[in-house]
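[1] Okay, here's the prediction I keep looking at, along with the sequence it came from:
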Amino acid sequence: MSLKSAPPSPIGSGPEAQPGRPTTPYRQPARPPHRVLAVDAATGEARRVWGFPRGDAGFDDGGGSGGGGGARCAFAGPQGLAVEAATNILYAADTDHHAVRRVDLTSGAVTTVGGNGTQGYDYGAGKAGAAQRLPSPWDLAIANLPAGAGGRSLVVAMAGTHQLWALPLGAADAPTVPAGLAATHWTVSSGTGREAPRDARTAASTCWAPPSLLVADSESSSVRSMALGVAYPSRALVGGEDLLADNLFAFGDEDGRGGRARLQHPLAVAAATDGSGVAYVADSYNHKVKRLDVAGGAVASWVGAAKPGATDGAGSRAGFWEPGGLALSPDGATLYVADTNNGAIRRVDTASGSVTTLGVGGIGALLAASGGGAISGGLSPDARGT
């Protein structure tokens, strides 16, 4: 399991874990954490760490490569992660560096596959490597796009332009090497850049759910499905308001189907890969994790109450404080939740809805989780696809 961003305080213990004492970089911008961590979820031990504690080495590693290994590589406000078990590669959205980084989990080597540390304002993409400036990449997912759109690709939610971009990765059994990725051209997968629900503007998170991509569209307070390879791929599953496409204020806390359901600033979505058609949504401002029936287009409160809290328990007895990241275990039995403002990682039994706090000792308040090929933020695959 992979986790990202670690301020120097214990997880789930001490005053940092209590409401009223936020520990995230959003609440403490002067000294944000800038690390990517690989953590063993079973033991809570940090296995590998990449990046400087405060990101104060800049974009480069000091040698002009924009990459490096371990602590030689600097990150700035990394957000989404995508892990591919078959290749043992992790991709990280290095958001404040406006770059996407590739981490070889075997060797620890870090390389940059897009961006150069400067924010881009390009709505058309089309360039490669450092020549392609990226507009605040926020989250990522590895998805099988149609052959004409690049095939197996890294899909990235670009918060700066409200678009989805894609970088072809090559076949799974013959993946493109880092040097080749740096020469591979980026493409726009979805979105014109206009800030509206119908454009599936994605400042949050996505996940690959064959043959669709699920998008937690935070500012329109909706979850959308991107049916890949068709003329009009985007449709709202729950929340938002498609009839008034410019309405970004259709939010609330209501269970239900389609546009009758209400979310408030969902930051992550994670889909089961067992064909059940179930996905989970981090409904951040409602302090809940909700359960989504992808095929039926219905969402229901699952764990958490409609107010900040930090208690363990089942269902509404559990407390969260603006959960911001989700990751399912490979077997689907456990959902990991980045309980952002509590500075904790929570573990939810998907069968019972029982919530416990993962004690990751000594490596800080982790802000997002990714495992089993899932992603830390709002891009997620829907195993049934709709």
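    It's in.

[2] who touches the closest residue to residue 221 other than its chain neighbours in this structure?
    In space, residue 221 comes closest to residue 251 once its chain neighbours are excluded; the distance is 3.8 Å by Cβ to Cβ, 6 or more residues apart in numbering. Where C-beta positions appear, they are placed from N, C-alpha and C, glycine not excepted. Taking Cβ atoms under 8 Å, 6 or more residues apart in numbering, we find residue 251 in contact with 221, 239, 262, 263, 264, 265, 285.

[3] what about dumping the CA coordinates of stretch 81-92 to PDB?
    Provided in PDB are the C-alpha atoms of stretch 81-92 (Å, rounded to 0.1, in the frame of the first residue of the first chain):
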ATOM      1  CA  LEU A  81      -0.800   8.200  -6.600                       C
ATOM      2  CA  ALA A  82      -1.300   5.300  -8.900                       C
ATOM      3  CA  VAL A  83       0.400   2.000  -8.400                       C
ATOM      4  CA  GLU A  84       0.700  -0.800 -11.000                       C
ATOM      5  CA  ALA A  85       1.500  -4.100  -9.400                       C
ATOM      6  CA  ALA A  86       2.400  -5.800 -12.600                       C
ATOM      7  CA  THR A  87       5.300  -3.500 -13.300                       C
ATOM      8  CA  ASN A  88       6.000  -2.400  -9.700                       C
ATOM      9  CA  ILE A  89       5.800   1.200 -10.700                       C
ATOM     10  CA  LEU A  90       4.200   4.100  -8.800                       C
ATOM     11  CA  TYR A  91       3.200   7.400 -10.500                       C
ATOM     12  CA  ALA A  92       2.800  10.500  -8.400                       C
END
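
[4] Just the buried positions in that stretch, please.
    By neighbour count on 16 or more other Cβ atoms under 10 Å, the buried set for stretch 81-92 is 81, 82, 83, 84, 87, 89, 90, 91, 92.

[5] now swap in stretch 101-113 and tell me
    101, 102, 103, 105, 108, 109, 110, 111, 112, 113.

[6] Quick check: of these, which lies closest to residue 147?
    residue 113 (21.0 Å; Cβ to Cβ).

[7] which secondary structure elements does the helix or strand hosting that closest one contact?
    Assigned by DSSP states H and E, residue 113 belongs to strand 109-114. Identification of packing neighbours for strand 109-114 by 3 or more Cβ pairs under 8 Å, 6 or more residues apart in numbering; DSSP states H and E yields strand 68-69, strand 99-104, helix 178-181.

[8] mind checking which of these is nearest residue 216?
    Here strand 99-104 is closest among those (Cβ to Cβ), at 19.0 Å.

[9] and that closest one, what does it pack onto?
    strand 89-94, strand 109-114, strand 137-144.

[10] Run through the stretch 1-150 of the chain and note the low-pLDDT ranges.
    1-73 (pLDDT under 70).

[11] which residues in the stretch 151-300 of the chain form strands?
    With DSSP state E, counting those that start in this stretch, the ranges of strands along the stretch 151-300 of the chain come out as 152-158, 163-168, 170-171, 174-175, 187-190, 205-209, 212-217, 222-227, 234-239, 256-257, 266-271, 278-283, 288-293, 298-303.

[12] what's the least confident stretch among these?
    Mean pLDDT values for the strands of the stretch 151-300 of the chain show the minimum at strand 205-209, a mean of 64.

[13] what's the neighbour count on the closest residue to residue 250 other than its chain neighbours?
    Closest residue to residue 250 apart from its sequence neighbours, by Cβ to Cβ, 6+ apart: residue 241 at 4.0 Å. Neighbour count for residue 241, taken as other Cβ atoms under 10 Å: 19.

[14] What residues are bridge-paired with the residue lying closest to residue 178 once chain neighbours are set aside?
    Closest residue to residue 178 apart from its sequence neighbours, by Cβ to Cβ, 6+ apart: residue 111 at 4.2 Å. Assessed by DSSP bridges, residue 111 has beta-bridge partners residue 102.

[15] from memory residue 111 sits against residue 182, does it?
    Yes: using Cβ atoms under 8 Å, residue 111 is in contact with residue 182, at 7.4 Å.

[16] mind putting the helices and strands packed on strand 99-104 in CSV, distance to residue 165 included?
    Formatted as CSV, these follow (distance: least, Cβ to Cβ, whole Å):
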stretch, distance to residue 165
strand 89-94, 11
strand 109-114, 8
strand 137-144, 8
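
[17] So which of these is nearest residue 213?
    Here strand 137-144 is closest among these (Cβ to Cβ), at 5.8 Å.

[18] tell me the angle of that closest one relative to strand 266-271?
    20 degrees (axes from the mean of the first three to the mean of the last three Cα atoms, to 10 degrees).
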